[in-house]
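Colleague: Got a predicted structure plus its sequence, pasted below:
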Amino acid sequence: MEAVLHHQQYDVVVIGGGCAGVAAAAGAARNGVRTLLVDAGPTVGGELLSGMTIDGAINARGEWIVGGVLNELIEELEKLDGYVGAFNDWRLIRYICFDPVVMQIAVMNVLRRYGVDVLLHTMMENVILDGGGRAKGVVLRNKRGRAVVEAAAFVDCSGDGDLCAMAGAPFELGTPDGELQPVSLIFRMSGVEPMPLLAFVREHPDYVAIGESEVIRGGRTDEEIVEELYKQGQPTVFLRRSRRGCRKASK
């Protein structure tokens, strides 16, 4: 027997609890609107919890170009001793490093601060449209049953555009041949001593991809760049596949 549909009302509903969803939900709630964040998984944070660095928050010149909710997350990480720092790969980009386990706590602290309601293990089954084709509600399902949640605004942070697709919005998928970007492998290592690698890099700059961005290079020679890499003390190293040892290892 089908359970009775529960009805709920919010100002903003965010579908998808990845990094975009967290930012959207916290941003909405801190502006004083009642906000619900929905995710199909067991936690929120998405790629923030995968072990990936945050790229794009700092440009090649070293200028911070993203703030807002990210600043609050970093402040939480610093309080919890989970912030590693901002680093330069001395090739193309700068990025932010942190402990992804601590980030999980930081994310929830920020959402809790602004009173965001969070539904986990919850799937969106359908979108309810008004007469003009505008979304006015979604049908959600979890272990508590099914619910209709209405809101003045919906934000699709599902990653696959699920809400928009269900609402009838046009979309594209992959290349004209149907090819999709392959997934990346993320893993965590411990007990690694980086200095022998960095010493090798300092002695053999021709093995390393460096200074591909003129802004990053800043008029430095390869020898000067690998010295900066060494002084940074972090294994932000890209080895050239064209070198004999690397080419052999890649086969």
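Modeller: Looks like it arrived, so ask away. Residues are numbered from 1 along each chain as shown.
Colleague: Thr53 and Asn88: what is the separation?
Modeller: From Thr53 over to Asn88 the distance is 12 Å, taken as Cβ to Cβ, to the nearest Å. Heads up, the C-betas are built off the backbone N, CA and C, glycines and all.
Colleague: Show me where the stretch 101-250 of the chain has its helices.
Modeller: Applying DSSP state H, counting those that start in this stretch to the stretch 101-250 of the chain gives helices spanning 162-166, 195-203, 214-217, 222-232, 244-249.
Colleague: Looking at those, which one is packed in the most?
Modeller: Most buried of the helices of the stretch 101-250 of the chain, by mean neighbour count (mean count of other Cβ atoms under 10 Å): helix 162-166, with a mean of 19.
Colleague: can you pull the contacts of Gly41?
Modeller: Contacts for Gly41 (Cβ atoms under 8 Å, 6 or more residues apart in numbering) come out as 17, 120-121.
Colleague: out of the residues you listed, which is most surrounded?
Modeller: Top of the contacts of Gly41 by neighbour number is Gly17, holding 28 neighbours under the definition other Cβ atoms under 10 Å.
Colleague: For Met124, see how far away that one is.
Modeller: To Met124, Gly17 is 12 Å away according to Cβ to Cβ.
Colleague: One more: Tyr95?
Modeller: In terms of Cβ to Cβ, Tyr95 sits 32 Å off from Met124.
Colleague: before we move on, what about Val201?
Modeller: 48 Å.
Colleague: Also Ala29?
Modeller: Ala29 sits 20 Å away from Met124, going by Cβ to Cβ.
Colleague: Excluding chain neighbours, what is closest to the spatially most central residue of the chain?
Modeller: By Cα atoms, centre = their mean, the chain has its centre lying nearest to Glu47, at 3.9 Å. Distances taken as Cβ to Cβ, 6 or more residues apart in numbering place Cys19 nearest to Glu47, at 5.7 Å, with adjacent residues excluded.
Colleague: my guess is the one you found contacts Val44, does it?
Modeller: No: applying Cβ atoms under 8 Å as the test, Cys19 and Val44 come out as separate, 9.2 Å apart.
Colleague: The two: who's more crowded?
Modeller: More crowded of Cys19 and Val44, by other Cβ under 10 Å: Val44, with 26 against 23.
Colleague: Next, the closest residue to that one other than its chain neighbours: phi, psi?
Modeller: Take Val44 and drop its neighbours on the chain: the residue closest to it by Cβ to Cβ, 6+ apart is Gly17, 3.3 Å away. For Gly17, the backbone dihedrals are phi -110, psi 30 (criterion: degrees, to the nearest 10).
Colleague: I'd like the distance between Gly17 and Ala40.
Modeller: Relative to Ala40, Gly17 is positioned 8 Å away (Cβ to Cβ).
Colleague: how about the residue nearest to Glu47, what does it touch?
Modeller: Applying Cβ under 8 Å, 6+ apart to Cys19 gives the contacts 45-48.
Colleague: Check Ile186 too.
Modeller: 50-52.
Colleague: let's see 6 Å
Modeller: Taking Cβ atoms under 6 Å, 6 or more residues apart in numbering as the contact definition, Ile186 lies against 50-51.
Colleague: What's the per-residue pLDDT of it here?
Modeller: If you check Ile186, the pLDDT there is 83.
Colleague: before we move on, what about the one 10 residues further on?
Modeller: According to the per-residue confidence, Pro196 scores 93 in pLDDT.
Colleague: try Tyr95
Modeller: Looking at Tyr95, its pLDDT stands at 93.
Colleague: Quick check: it touching Thr53?
Modeller: Yes: if you go by Cβ atoms under 6 Å, Tyr95 and Thr53 touch, sitting 4.0 Å apart.
Colleague: which non-adjacent residue is nearest Arg188?
Modeller: Here the nearest residue to Arg188 in space, its sequence neighbours aside, is Gly51; by Cβ to Cβ, 6+ apart that works out to 5.4 Å.
Colleague: Perfect, that will be all.
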